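> Sharing a model prediction with you, sequence too.
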Amino acid sequence: MVNVKKITNQILTDVIRKRPANSFKGTYGKIVLIGGSQNFGGAIIMASLAAVYSGAGLVTTITDPSNQTPLHDWLPEAMFVDWNQFEQAEPIIKSADVVVIGPGLGTDPSALTLLTKVFHLVESGQKLVIDGSALTLLASNNLPLPKDSVNILTPHQMEWQRVSGIRIADQTPEKNQAAANQRHAIVVIKSHRTQVYADNHVYENTGGTPAQATGGMGDTLAGMVGGFVAQFKDPQKAVLAAVYSHSAIADKLAEKQYVVLPHQISEALPKFMYKHQAK
Ligand SMILES: NC(=O)C1=CN([C@@H]2O[C@H](COP(=O)(O)OP(=O)(O)OC[C@H]3O[C@@H](n4cnc5c(N)ncnc54)[C@H](OP(=O)(O)O)[C@@H]3O)[C@@H](O)[C@H]2O)[C@@H](O)CC1
Ligand SMILES: Nc1ncnc2c1ncn2[C@@H]1O[C@H](COP(=O)(O)OP(=O)(O)O)[C@@H](O)[C@H]1O
Ligand SMILES: [Mg+2]
(Lines give C-alpha, C1' and ligand atoms only; values in the text may rest on other atoms or scores of the structure.)
(Ligands and ions follow the chains in the order given, each with its own letter.)
Protein backbone atom coordinates (compact mmCIF):
# COMPACT_ATOMS: atom_id res chain seq x y z
CA MET A 1 0.00 0.00 0.00
CA VAL A 2 1.29 3.43 -0.93
CA ASN A 3 1.26 5.96 1.89
CA VAL A 4 -0.68 9.03 0.69
CA LYS A 5 0.26 12.11 2.73
CA LYS A 6 -2.10 15.06 3.06
CA ILE A 7 -0.94 18.48 1.90
CA THR A 8 -1.68 20.94 4.72
CA ASN A 9 -1.21 24.68 5.21
CA GLN A 10 2.19 23.95 6.77
CA ILE A 11 3.56 23.79 3.22
CA LEU A 12 2.89 27.52 2.78
CA THR A 13 5.26 28.79 5.47
CA ASP A 14 7.74 26.04 4.56
CA VAL A 15 7.94 27.41 1.04
CA ILE A 16 6.86 31.06 0.82
CA ARG A 17 9.84 32.96 2.18
CA LYS A 18 10.07 36.57 3.17
CA ARG A 19 11.75 38.44 0.33
CA PRO A 20 15.32 39.44 1.16
CA ALA A 21 15.90 43.22 1.03
CA ASN A 22 18.98 42.79 -1.10
CA SER A 23 17.24 41.27 -4.13
CA PHE A 24 16.06 42.25 -7.59
CA LYS A 25 13.78 40.80 -10.28
CA GLY A 26 16.46 38.29 -11.30
CA THR A 27 16.34 36.81 -7.80
CA TYR A 28 12.79 35.64 -8.45
CA GLY A 29 13.35 33.77 -11.64
CA LYS A 30 12.99 34.14 -15.40
CA ILE A 31 10.02 32.24 -16.72
CA VAL A 32 8.84 31.60 -20.24
CA LEU A 33 5.31 30.43 -21.03
CA ILE A 34 4.59 28.88 -24.41
CA GLY A 35 1.10 28.27 -25.74
CA GLY A 36 -2.03 30.08 -26.87
CA SER A 37 -3.08 29.28 -30.42
CA GLN A 38 -5.51 31.60 -32.20
CA ASN A 39 -8.44 29.75 -30.60
CA PHE A 40 -6.96 29.19 -27.13
CA GLY A 41 -5.28 32.52 -26.45
CA GLY A 42 -7.05 32.84 -23.11
CA ALA A 43 -5.25 29.79 -21.76
CA ILE A 44 -1.75 31.25 -22.07
CA ILE A 45 -2.94 34.65 -20.86
CA MET A 46 -4.38 33.03 -17.73
CA ALA A 47 -1.19 31.03 -17.17
CA SER A 48 0.95 34.14 -17.63
CA LEU A 49 -1.24 36.12 -15.24
CA ALA A 50 -0.76 33.39 -12.61
CA ALA A 51 3.02 33.40 -13.08
CA VAL A 52 3.30 37.17 -12.66
CA TYR A 53 0.88 37.35 -9.73
CA SER A 54 2.68 34.55 -7.91
CA GLY A 55 5.81 36.69 -8.00
CA ALA A 56 8.02 35.40 -10.82
CA GLY A 57 10.66 38.04 -11.54
CA LEU A 58 10.60 38.22 -15.34
CA VAL A 59 7.88 36.68 -17.48
CA THR A 60 7.91 36.20 -21.25
CA THR A 61 4.94 34.79 -23.14
CA ILE A 62 5.66 33.07 -26.44
CA THR A 63 2.39 32.81 -28.32
CA ASP A 64 0.44 33.41 -31.50
CA PRO A 65 0.69 37.07 -32.57
CA SER A 66 -3.11 37.43 -32.35
CA ASN A 67 -2.71 37.27 -28.56
CA GLN A 68 -0.29 40.15 -28.14
CA THR A 69 -2.86 42.90 -27.60
CA PRO A 70 -5.15 40.98 -25.20
CA LEU A 71 -2.07 39.73 -23.30
CA HIS A 72 -0.89 43.28 -22.74
CA ASP A 73 -4.40 44.48 -21.91
CA TRP A 74 -4.45 41.95 -19.09
CA LEU A 75 -0.80 41.94 -18.22
CA PRO A 76 1.58 44.72 -19.25
CA GLU A 77 4.20 43.07 -16.99
CA ALA A 78 4.69 40.19 -19.45
CA MET A 79 7.00 40.41 -22.44
CA PHE A 80 5.72 39.03 -25.72
CA VAL A 81 7.44 36.96 -28.41
CA ASP A 82 5.74 35.77 -31.60
CA TRP A 83 5.95 31.98 -31.65
CA ASN A 84 6.51 32.07 -35.42
CA GLN A 85 9.84 33.88 -34.84
CA PHE A 86 11.75 30.99 -33.34
CA GLU A 87 15.13 32.70 -33.69
CA GLN A 88 13.83 35.34 -31.24
CA ALA A 89 12.33 32.77 -28.90
CA GLU A 90 15.34 30.45 -28.76
CA PRO A 91 17.76 32.55 -26.64
CA ILE A 92 14.93 33.46 -24.26
CA ILE A 93 14.02 29.81 -23.77
CA LYS A 94 17.68 28.90 -23.26
CA SER A 95 18.22 31.51 -20.57
CA ALA A 96 14.96 30.83 -18.68
CA ASP A 97 14.94 29.25 -15.23
CA VAL A 98 11.50 27.79 -15.91
CA VAL A 99 9.64 26.95 -19.11
CA VAL A 100 5.89 26.29 -19.00
CA ILE A 101 4.56 24.75 -22.20
CA GLY A 102 1.09 23.64 -23.22
CA PRO A 103 -1.77 25.88 -22.08
CA GLY A 104 -3.78 26.44 -25.25
CA LEU A 105 -0.86 25.24 -27.40
CA GLY A 106 -3.19 23.20 -29.60
CA THR A 107 -2.28 19.95 -31.28
CA ASP A 108 -1.68 20.88 -34.92
CA PRO A 109 1.63 20.07 -36.66
CA SER A 110 3.15 23.48 -35.90
CA ALA A 111 2.43 22.96 -32.18
CA LEU A 112 4.19 19.60 -32.32
CA THR A 113 7.19 21.17 -34.08
CA LEU A 114 7.43 23.87 -31.41
CA LEU A 115 7.12 21.35 -28.57
CA THR A 116 9.83 19.16 -30.08
CA LYS A 117 12.18 22.15 -30.46
CA VAL A 118 11.61 23.15 -26.85
CA PHE A 119 12.27 19.60 -25.62
CA HIS A 120 15.59 19.69 -27.46
CA LEU A 121 16.55 23.10 -26.09
CA VAL A 122 15.98 22.67 -22.36
CA GLU A 123 19.00 21.71 -20.32
CA SER A 124 20.00 20.75 -16.82
CA GLY A 125 19.26 23.43 -14.27
CA GLN A 126 16.03 24.32 -16.02
CA LYS A 127 12.55 23.32 -14.88
CA LEU A 128 9.97 22.37 -17.47
CA VAL A 129 6.25 22.45 -16.68
CA ILE A 130 4.24 20.45 -19.22
CA ASP A 131 0.49 21.05 -19.31
CA GLY A 132 -2.61 20.90 -21.52
CA SER A 133 -2.05 20.29 -25.22
CA ALA A 134 1.65 19.58 -24.65
CA LEU A 135 0.66 16.48 -22.66
CA THR A 136 -1.72 15.36 -25.38
CA LEU A 137 1.00 15.81 -28.02
CA LEU A 138 3.55 14.05 -25.82
CA ALA A 139 1.22 11.07 -25.56
CA SER A 140 0.07 10.88 -29.16
CA ASN A 141 3.61 11.14 -30.53
CA ASN A 142 5.34 9.06 -27.87
CA LEU A 143 7.85 11.84 -27.23
CA PRO A 144 10.53 11.07 -24.67
CA LEU A 145 10.78 13.69 -21.91
CA PRO A 146 13.92 15.82 -21.97
CA LYS A 147 16.64 14.05 -19.97
CA ASP A 148 18.35 16.83 -18.04
CA SER A 149 15.64 19.27 -16.93
CA VAL A 150 13.43 18.88 -13.87
CA ASN A 151 10.17 17.84 -15.54
CA ILE A 152 6.81 18.64 -13.96
CA LEU A 153 3.65 17.25 -15.59
CA THR A 154 0.25 18.72 -14.69
CA PRO A 155 -2.36 16.45 -16.35
CA HIS A 156 -6.06 16.23 -15.62
CA GLN A 157 -7.21 12.63 -15.41
CA MET A 158 -7.85 12.23 -19.14
CA GLU A 159 -4.48 13.76 -20.04
CA TRP A 160 -2.87 11.37 -17.54
CA GLN A 161 -4.72 8.46 -19.19
CA ARG A 162 -3.27 9.56 -22.54
CA VAL A 163 0.26 9.94 -21.16
CA SER A 164 0.42 6.89 -18.90
CA GLY A 165 -2.02 4.53 -20.58
CA ILE A 166 -3.80 4.05 -17.21
CA ARG A 167 -7.55 4.39 -17.67
CA ILE A 168 -9.19 6.93 -15.37
CA ALA A 169 -11.05 4.19 -13.46
CA ASP A 170 -7.75 2.40 -12.82
CA GLN A 171 -5.72 5.43 -11.68
CA THR A 172 -4.77 4.12 -8.24
CA PRO A 173 -1.90 5.61 -6.22
CA GLU A 174 0.14 2.45 -6.83
CA LYS A 175 -0.23 2.55 -10.60
CA ASN A 176 0.19 6.32 -10.79
CA GLN A 177 3.32 6.20 -8.69
CA ALA A 178 4.91 3.52 -10.85
CA ALA A 179 4.18 5.55 -13.98
CA ALA A 180 5.51 8.78 -12.42
CA ASN A 181 8.68 7.04 -11.21
CA GLN A 182 9.26 5.53 -14.62
CA ARG A 183 9.24 9.04 -16.10
CA HIS A 184 11.47 10.53 -13.36
CA ALA A 185 9.00 13.40 -13.22
CA ILE A 186 6.94 15.29 -10.69
CA VAL A 187 3.35 14.54 -11.70
CA VAL A 188 0.35 16.57 -10.56
CA ILE A 189 -2.81 14.60 -11.32
CA LYS A 190 -5.64 17.11 -11.15
CA SER A 191 -9.11 16.21 -9.96
CA HIS A 192 -11.43 17.36 -7.19
CA ARG A 193 -8.69 16.09 -4.83
CA THR A 194 -5.47 16.62 -6.75
CA GLN A 195 -2.56 14.29 -6.08
CA VAL A 196 1.14 14.99 -6.49
CA TYR A 197 3.63 12.21 -7.25
CA ALA A 198 7.22 13.15 -6.57
CA ASP A 199 10.35 11.21 -5.79
CA ASN A 200 8.46 8.10 -4.69
CA HIS A 201 6.13 10.09 -2.43
CA VAL A 202 2.40 10.64 -2.93
CA TYR A 203 0.61 13.71 -1.61
CA GLU A 204 -3.09 14.53 -1.72
CA ASN A 205 -4.52 18.01 -1.65
CA THR A 206 -6.99 18.74 1.13
CA GLY A 207 -8.82 21.63 -0.54
CA GLY A 208 -10.71 22.47 -3.69
CA THR A 209 -14.29 23.20 -4.64
CA PRO A 210 -16.66 22.51 -7.54
CA ALA A 211 -16.74 26.31 -7.92
CA GLN A 212 -13.37 25.72 -9.61
CA ALA A 213 -14.82 23.58 -12.37
CA THR A 214 -14.42 26.14 -15.15
CA GLY A 215 -12.16 26.34 -18.23
CA GLY A 216 -8.82 27.96 -17.51
CA MET A 217 -8.54 26.73 -13.92
CA GLY A 218 -5.76 24.30 -14.83
CA ASP A 219 -4.02 26.85 -17.06
CA THR A 220 -3.88 29.08 -13.99
CA LEU A 221 -2.40 26.27 -11.90
CA ALA A 222 0.28 25.66 -14.54
CA GLY A 223 1.30 29.34 -14.38
CA MET A 224 1.35 29.21 -10.57
CA VAL A 225 3.48 26.07 -10.56
CA GLY A 226 5.88 27.87 -12.89
CA GLY A 227 5.90 30.99 -10.72
CA PHE A 228 6.47 29.07 -7.48
CA VAL A 229 9.17 26.84 -8.94
CA ALA A 230 10.92 29.93 -10.37
CA GLN A 231 11.21 31.52 -6.93
CA PHE A 232 11.48 28.79 -4.34
CA LYS A 233 14.43 26.43 -4.13
CA ASP A 234 12.93 22.99 -3.68
CA PRO A 235 10.85 22.16 -6.80
CA GLN A 236 8.79 19.44 -5.09
CA LYS A 237 7.80 21.65 -2.20
CA ALA A 238 7.14 24.57 -4.54
CA VAL A 239 4.73 22.40 -6.55
CA LEU A 240 2.92 21.31 -3.38
CA ALA A 241 2.62 24.93 -2.22
CA ALA A 242 1.24 26.00 -5.60
CA VAL A 243 -1.35 23.21 -5.61
CA TYR A 244 -2.38 23.99 -2.05
CA SER A 245 -2.58 27.78 -2.63
CA HIS A 246 -4.64 27.38 -5.83
CA SER A 247 -7.42 25.50 -4.03
CA ALA A 248 -7.15 27.38 -0.72
CA ILE A 249 -7.78 30.68 -2.52
CA ALA A 250 -10.68 29.11 -4.43
CA ASP A 251 -12.21 27.70 -1.24
CA LYS A 252 -12.10 31.14 0.37
CA LEU A 253 -13.68 32.87 -2.65
CA ALA A 254 -16.32 30.12 -2.89
CA GLU A 255 -17.59 31.01 0.58
CA LYS A 256 -19.20 34.00 -1.11
CA GLN A 257 -19.47 33.17 -4.81
CA TYR A 258 -21.11 30.41 -6.82
CA VAL A 259 -18.27 30.09 -9.30
CA VAL A 260 -14.63 31.10 -8.98
CA LEU A 261 -13.01 32.48 -12.12
CA PRO A 262 -9.41 31.48 -12.82
CA HIS A 263 -8.16 35.08 -13.04
CA GLN A 264 -9.65 35.79 -9.62
CA ILE A 265 -7.31 33.20 -8.14
CA SER A 266 -4.35 34.97 -9.71
CA GLU A 267 -5.53 38.34 -8.50
CA ALA A 268 -5.82 37.02 -4.93
CA LEU A 269 -2.29 35.57 -4.91
CA PRO A 270 -0.21 38.57 -3.78
CA LYS A 271 -2.29 39.06 -0.61
CA PHE A 272 -2.53 35.33 0.03
CA MET A 273 1.24 34.91 -0.25
CA TYR A 274 1.85 37.95 1.93
CA LYS A 275 -0.36 36.47 4.63
CA HIS A 276 1.25 33.02 4.49
CA GLN A 277 4.94 33.89 4.01
CA ALA A 278 7.46 32.61 6.56
CA LYS A 279 7.78 35.11 9.40
N1 LIG B 1 -9.90 29.91 -22.65
C2 LIG B 1 -9.04 29.05 -23.21
O3 LIG B 1 -8.28 29.39 -24.10
C4 LIG B 1 -9.03 27.64 -22.75
C5 LIG B 1 -8.16 26.75 -23.33
N6 LIG B 1 -7.99 25.49 -22.89
C7 LIG B 1 -6.94 24.67 -23.52
O8 LIG B 1 -7.58 23.77 -24.37
C9 LIG B 1 -6.71 22.67 -24.64
C10 LIG B 1 -7.47 21.39 -24.47
O11 LIG B 1 -7.68 21.11 -23.08
P12 LIG B 1 -9.02 20.45 -22.53
O13 LIG B 1 -8.70 19.94 -21.18
O14 LIG B 1 -10.11 21.46 -22.61
O15 LIG B 1 -9.36 19.30 -23.56
P16 LIG B 1 -8.88 17.79 -23.68
O17 LIG B 1 -7.41 17.64 -23.57
O18 LIG B 1 -9.49 17.20 -24.88
O19 LIG B 1 -9.52 17.08 -22.40
C20 LIG B 1 -10.88 17.08 -22.21
C21 LIG B 1 -11.41 15.66 -22.35
O22 LIG B 1 -11.01 14.93 -21.19
C23 LIG B 1 -12.16 14.46 -20.50
N24 LIG B 1 -11.91 14.42 -19.05
C25 LIG B 1 -12.01 13.33 -18.27
N26 LIG B 1 -11.69 13.61 -17.02
C27 LIG B 1 -11.38 14.91 -16.98
C28 LIG B 1 -10.98 15.76 -15.94
N29 LIG B 1 -10.80 15.35 -14.68
N30 LIG B 1 -10.74 17.05 -16.24
C31 LIG B 1 -10.89 17.50 -17.50
N32 LIG B 1 -11.29 16.71 -18.54
C33 LIG B 1 -11.53 15.43 -18.27
C34 LIG B 1 -13.26 15.37 -20.92
O35 LIG B 1 -14.46 14.72 -20.69
P36 LIG B 1 -15.90 15.41 -20.98
O37 LIG B 1 -15.75 16.84 -20.52
O38 LIG B 1 -16.08 15.31 -22.44
O39 LIG B 1 -16.83 14.61 -20.16
C40 LIG B 1 -12.92 15.63 -22.37
O41 LIG B 1 -13.34 14.52 -23.17
C42 LIG B 1 -5.54 22.80 -23.65
O43 LIG B 1 -4.41 23.32 -24.31
C44 LIG B 1 -6.06 23.79 -22.65
O45 LIG B 1 -4.98 24.51 -22.06
C46 LIG B 1 -8.78 24.98 -21.79
O47 LIG B 1 -7.97 25.14 -20.65
C48 LIG B 1 -10.10 25.72 -21.63
C49 LIG B 1 -9.94 27.22 -21.64
N1 LIG C 1 -14.89 19.74 -8.46
C2 LIG C 1 -13.67 20.23 -8.30
N3 LIG C 1 -13.14 20.32 -7.05
C4 LIG C 1 -11.89 20.81 -6.88
N5 LIG C 1 -11.08 21.23 -7.88
C6 LIG C 1 -11.55 21.14 -9.13
C7 LIG C 1 -12.85 20.65 -9.41
N8 LIG C 1 -13.05 20.69 -10.75
C9 LIG C 1 -11.91 21.19 -11.29
N10 LIG C 1 -11.01 21.46 -10.32
C11 LIG C 1 -9.63 21.97 -10.52
O12 LIG C 1 -9.60 22.81 -11.67
C13 LIG C 1 -8.44 22.53 -12.47
C14 LIG C 1 -8.89 21.99 -13.83
O15 LIG C 1 -7.77 21.79 -14.64
P16 LIG C 1 -7.91 21.56 -16.21
O17 LIG C 1 -8.92 20.50 -16.47
O18 LIG C 1 -6.55 21.38 -16.75
O19 LIG C 1 -8.52 22.96 -16.67
P20 LIG C 1 -8.23 23.88 -17.94
O21 LIG C 1 -7.39 23.10 -18.91
O22 LIG C 1 -9.57 24.22 -18.48
O23 LIG C 1 -7.51 25.08 -17.47
C24 LIG C 1 -7.61 21.53 -11.66
O25 LIG C 1 -6.67 22.20 -10.85
C26 LIG C 1 -8.66 20.83 -10.80
O27 LIG C 1 -8.12 20.31 -9.61
MG1 LIG D 1 -5.81 21.91 -18.64
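That came through, no problem. Ligands and ions are numbered 1, 2, ... in the order given.
> residues contacting Gln177?
When the contact criterion is CB atoms under 8 Å, 6 or more residues apart in numbering, the partners of Gln177 are Val2, Tyr197, Asn200, Val202. Any C-beta I mention is one placed from the backbone N, CA and C, and that applies to glycine too.
> going on from the one helix or strand the second one maps to, what's the next piece of helix or strand?
In this structure, Tyr197 is located in strand 195-198 according to DSSP states H and E. Toward the C-terminal end, the helix or strand that comes next after strand 195-198 (DSSP H and E) is strand 201-205.
> Can you list the strands that that next one pairs with?
On the basis of DSSP bridges, the sheet neighbours of strand 201-205 come out as strand 4-7 (parallel), strand 195-198 (antiparallel).
> and for the last one, what are the contacting residues?
Read it as strand 195-198. The contact list for strand 195-198 (CB under 8 Å, 6+ apart) reads 4, 7, 173, 176-177, 180-181, 186-189, 202-205, 236, 239-240, 243.
> Buried among the residues you listed? Need that as a selection in ChimeraX.
The following ChimeraX selection, which keeps only the buried ones among those, applies the criterion 16 or more other CB atoms under 10 Å:
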select :7,173,176,177,180,186,187,188,189,202,203,204,205,236,239,240,243
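> and the stretch 1-150 of the chain, which of its residues are near ligand 2?
Those residues of the stretch 1-150 of the chain that sit near ligand 2, judged by CB under 6 Å from any ligand atom, are Gly132.
> try 8 Å this time
Residues of the stretch 1-150 of the chain lying close to ligand 2 (CB under 8 Å from any ligand atom) are Ala43, Met46, Pro103, Asp131, Gly132.
> which of the residues you listed tops the neighbour count?
Pro103 (33 neighbours; other CB atoms under 10 Å).
> how many neighbours does Tyr244 have?
Around Tyr244 sit 25 other residues, with neighbours defined as other CB under 10 Å.
> From Thr8, how far off is it?
With the distance defined as CB to CB, to the nearest Å, Tyr244 ends up 8 Å from Thr8.
> what touches both of those two?
Contact with both Tyr244 and Thr8 is made by residues Thr206, according to CB under 8 Å, 6+ apart.
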